[in-house]
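Peer 1: curious how this folds, go ahead:
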Amino acid sequence: QAVIVPGLGTFAVVHEQVSGIEEVYVVRRPVFQLDMDMSCLRELVFPIVMIPGDIEIMPLDYWWLSQTNSLPPDMVRGCVEETILLYSFQLRDRQCPAFAFENIGILSCQDNVLCMQFHCSCIAGLESQNTWVALLLT
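Peer 2: You can find the predicted model right below:
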């Protein structure tokens, strides 16, 4: 239920209980736990997200990614690593570009706050029964 992107962070899906007025909702929602070199994050604030210990964390599947774009897995790995390195250099130099993850969301930095904003469609795809609760939590 979780994927680690080396040098950037971990994407996971967590189950969360929310007490409503008349019932308790259990929703699935995406979270992102940042794991970048702290020297890149000087003076930046970012939310602390803890992924529960019972969630299995898998490495990014470069072979699967290579199948989606017809590039060799080693080339895909190199592209991912170089992109993350470039992003960390830009953060360190106080450039704050948005980092878009297709169909997932955008990692952005505004007013020295670095945060992951998930697309509504990503959240709705994970939680079909209590979509509005998951959207409000995320």
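
Peer 1: what's near enough to touch residue 104?
Peer 2: Neighbouring residues of residue 104 by Cβ atoms under 8 Å, 6 or more residues apart in numbering: 11, 30, 118-119, 122. Heads up, the C-betas are built off the backbone N, CA and C, glycines and all.

Peer 1: please read the previous query as pertaining to residue 92.
Peer 2: 39-40, 42.

Peer 1: which one among these gets closest to residue 68?
Peer 2: Among the contacts of residue 92, residue 40 lies closest to residue 68 (Cβ to Cβ), at 28.3 Å.

Peer 1: I'd assumed the closest one was in a strand, is it?
Peer 2: No: secondary structure of residue 40 (DSSP: H, G, I helix; E, B strand; the rest coil): helix, not part of a strand.

Peer 1: adjust the sequence numbering to begin at 37 for everything that follows.
Peer 2: Got it, the first residue is 37 from now on, which makes the last one we talked about residue 76.

Peer 1: any idea what sits nearest the residue nearest the centre of the chain, other than its immediate chain neighbours?
Peer 2: Centroid-nearest residue in the chain: residue 68, 3.7 Å away (criterion: Cα atoms, centre = their mean). The shortest distance from residue 68 to any non-neighbouring residue, by Cβ to Cβ, 6 or more residues apart in numbering, is to residue 152 (3.8 Å).

Peer 1: go on, residue 70?
Peer 2: In space, and not counting its chain neighbours, residue 70 is closest to residue 45: 4.4 Å by Cβ to Cβ, 6+ apart.

Peer 1: is it true that the one you found touches residue 67?
Peer 2: No: in this structure residue 45 lies outside contact range of residue 67 using Cβ atoms under 8 Å: 9.9 Å.
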